[in-house]
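Engineer: structure for the following, please:
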Amino acid sequence: MIQVSSADSVAQRVALNNAVNVQKAFGHDNVEIEIVAYGPELSMLTPKSDQSS
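Structural biologist: As a prediction, this is how the structure comes out:
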């Protein structure tokens, strides 16, 4: 589980990169990743987010 609560795009990218790194390290089919976002971080879940690309 990865928790993010910052609207900062760098912090958002770090959280997403951490998820990718876990998948690479253990194998995509061997892990289940959950990203918990709350507060200002919810903006990363919208299509207009810097992270949507």
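Engineer: isn't Ile35 right next to Ala15, touching?
Structural biologist: Yes - shown here, Ile35 and Ala15 form a contact pair, counting by Cβ atoms under 8 Å, at 6.3 Å. Backbone N, C-alpha and C define where each C-beta goes, glycine included.
Engineer: now the common contact residues for these two.
Structural biologist: Shared contacts of Ile35 and Ala15, defined by Cβ atoms under 8 Å, 6 or more residues apart in numbering, are found at 2, 4.
Engineer: those two: which is more packed in?
Structural biologist: In terms of neighbours (other Cβ atoms under 10 Å), Ala15 is the more surrounded of Ile35 and Ala15; the figures are 20 against 16.
Engineer: how close does the closest residue to the more buried one other than its chain neighbours get to Asn30?
Structural biologist: Spatial nearest neighbour of Ala15, excluding adjacent residues (Cβ to Cβ, 6 or more residues apart in numbering): Val4 at 4.3 Å. When distance is defined by Cβ to Cβ, to the nearest Å, Val4 is 23 Å away from Asn30.
Engineer: now Asp8
Structural biologist: For Asp8, the distance to Asn30 (Cβ to Cβ) stands at 30 Å.
Engineer: and those two? Which one has more around it.
Structural biologist: Asp8 (12 against 9).
Engineer: any idea how far that one is from Ala15?
Structural biologist: Distance from Asp8 to Ala15, by Cβ to Cβ: 10 Å.
Engineer: alright, that wraps it up for me.
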